[in-house]
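S.K.: Give me the fold of what follows.
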Amino acid sequence: MNIIEPTLVLDAGKCRSNIRLIIKKAEDSGVIFRPHFKTHNSLEIGEWFREEGVKKIAVSSVRMAEYFADGGWDDITIAITFNLLETDKVNKLIRSGKKINLTIDSPETLRTLLKKLKYPADFFLKIDTGYNRTGMAVEKVDEINTILSMASGSRLRFSGFLTHSGHSYRAGSKEEILDIYNDTISKMDFLKERFIEEYPDLLISVGDTPTVSIAPELTGVDEIRPGNFVFYDLMQYALGSCSEKEIAVVLAAPVISINEDRKEIVIHAGAVHLSKEFITNVSGIKNYGRPVLLNSTGWSNMSNDSMITSVSQEHSVIHADDKFFNSVSIGDVIGIVPVHSCLAANLAGNYRTIEGLVISKNRN
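M.R.: Just a heads-up that it's a prediction; the model follows:
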């Protein structure tokens with residue numbers, strides 16, 4: 001691969017397969033597929049979705065919406081609670097002919113948008129179904145009704161209720177993830193039943209990779225917005241959301257030091273390449289990534305008895321089992337399966353495919 005510095009390596013075949021699998025699941029379940037593009041954040045990878053017939057996307061910032069709008073995407077949901085300071089940017093996007101769906105969770109945001117938004121736009125009302133980050137509580141029906149009444153007849157059109165069950169990433173088992181999915185659907189269905197008569201076209205939009213990947217059928221929703229599935233990662237593997245063969249990225253990292261006594265390998269790749277996300281094993285040890293050996297067709301299976309146990313800015317320390325330790329020398333380049341591929345991808349300047357092709361991404 002001719003890699004000399006930390007580089008995110010992409011298996012394009014696995015990535016395309018992941019895309020097709022979730023598209024099929026959405027089709028089989030009869031739901032709208034609106035993939036979240038924040039994970040890959042790349043026009044080139046976005047084209048792989050377009051080749052499969054995808055026309056609607058979600059993003060996590062106005063800047064990302066601008067990037068994909070410039071790339072020809074016309075139906076974009078900004079799936080983060082809207083930042084009112086960027087209203088002028090959204091006005092420009094809508095004026096250019098793009099269909100922009102905003103996300104709000106308060107009367108204050110809506111009130112300001114009604115004053116400052118110059119063109120028609122759709123909006124989702126963000127609902128908190130247990131993640132406890134943003135969104136309105138399901139039981140606040142009166143406040144929800146107030147917001148919808150304020151928007152009625154204005155240039156802001158109500159699209160439906162949107163949620164992100166991010167607490168599924170903290171689950172301890174597949175069963176717990178399914179419980180989270182079922183609880184989410186129950187809460188969203190309550191709102192749909194309450195408001196469907198007045199808003200017959202309202203959508204229920206959900207979006208997190210663990211529940212979408214594990215739920216056998218995507219019942220009770222109208223739209224799904226997963227993002228991480230495009231690459232998957234060590235966290236998703238630990239949750240049971242994917243198999244090891246579906247993980248589509250590793251960080252290639254040069255080996256710069258080896259300690260025989262401690263059976264430790266030091267690589268040039270740290271928090272600025274992998275982040276400091278970790279998962280904890282049964283012994284309570286923090287695992288920041290698992291090593292693999294790179295080869296001409298991709299990489300080996302993970303070394304399950306080897307892991308990164310320490311991360312600094314530019315270095316990581318791998319505690320290795322004998323087999324992996326004896327397979328590595330100073331000057332080699334090995335791979336690291338990242339704990340969270342979204343963050344590793346965000347930190348990378350671009351992607352390098354197994355074949356050596358460079359795939360660009362949004363650097364903003």
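S.K.: for the longest helix belonging to the chain, packing partners?
M.R.: If you go by DSSP state H, the chain has its longest helix at helix 174-195. In terms of contacts (3 or more CB pairs under 8 Å, 6 or more residues apart in numbering; DSSP states H and E), helix 174-195 is packed against strand 121-128, helix 141-151, strand 156-163, strand 203-206, helix 209-214. To be clear about C-beta, it is placed using only N, CA and C from the backbone, and glycine gets the same treatment.
S.K.: what sits up against the shortest one?
M.R.: Spelled out, it's strand 203-206. 32, 34, 77, 124, 159-165, 184-185, 188-189, 191-192, 212, 220-225 (CB atoms under 8 Å, 6 or more residues apart in numbering).
S.K.: Can you flag the buried ones in those?
M.R.: 34, 77, 124, 159-165, 184-185, 188-189, 191-192, 212, 220-225 (16 or more other CB atoms under 10 Å).
S.K.: Thr77 bridge partners, please.
M.R.: Counting by DSSP bridges, Thr77 is bridged to Ala58, Asn101.
S.K.: what separates it from Asn362, distance-wise?
M.R.: To Asn362, Thr77 is 17 Å away according to CB to CB, to the nearest Å.
S.K.: which sections of this protein are below the confidence cut-off?
M.R.: 364 (pLDDT under 70).
S.K.: how about the strands in the stretch 251-364 of the chain?
M.R.: For the stretch 251-364 of the chain, the strands defined by DSSP state E, counting those that start in this stretch occupy 264-268, 279-280, 286-287, 289-292, 294-295, 298-299, 307-311, 315-319, 333-338, 350-353, 358-360.
S.K.: Go through those strands and name the closest to Ile180.
M.R.: Nearest of those to Ile180, taken as CB to CB: strand 279-280 at 17.7 Å.
S.K.: Which neighbouring elements make contact with the closest one?
M.R.: Under the contact criterion of 3+ CB pairs under 8 Å, 6+ apart, strand 279-280 touches helix 234-239, strand 286-287.
S.K.: Need the strands of the stretch 251-364 of the chain in a markdown table (columns: distance to Leu8 and mean neighbour count).
M.R.: Putting these into a markdown table (distance: least, CB to CB, whole Å; neighbours: other CB atoms under 10 Å) gives the following:
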| stretch | distance to Leu8 | mean neighbour count |
| --- | --- | --- |
| strand 264-268 | 14 | 22 |
| strand 279-280 | 19 | 14 |
| strand 286-287 | 19 | 17 |
| strand 289-292 | 12 | 27 |
| strand 294-295 | 13 | 15 |
| strand 298-299 | 12 | 20 |
| strand 307-311 | 16 | 21 |
| strand 315-319 | 15 | 21 |
| strand 333-338 | 8 | 27 |
| strand 350-353 | 5 | 18 |
| strand 358-360 | 10 | 13 |
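S.K.: Ok, which of those strands comes nearest Lys174?
M.R.: That would be, of the strands of the stretch 251-364 of the chain and by CB to CB, strand 279-280, which comes in at 15.7 Å.
S.K.: In its sheet, which strands sit next to that closest one, and in what direction?
M.R.: With DSSP bridges as the test, strand 279-280 pairs up with strand 286-287 (antiparallel).
S.K.: contacting residues around the strand it pairs with?
M.R.: Leu234, Phe278, Ile279, Thr280, Asn281, Met307, Ile308, Thr309, Val339.
S.K.: what about 6 Å?
M.R.: Residues from elsewhere that reach strand 286-287, judged by CB atoms under 6 Å, 6 or more residues apart in numbering: Phe278, Ile279, Thr280, Asn281, Met307.
S.K.: Buried deepest among the helices and strands packed on strand 279-280, which one?
M.R.: Sort the helices and strands packed on strand 279-280 by mean neighbour count, taking mean count of other CB atoms under 10 Å, and helix 234-239 sits at the top with a mean of 22.
S.K.: how about Asn182, what does it touch?
M.R.: Asn182 touches nothing, counting by CB under 6 Å, 6+ apart.
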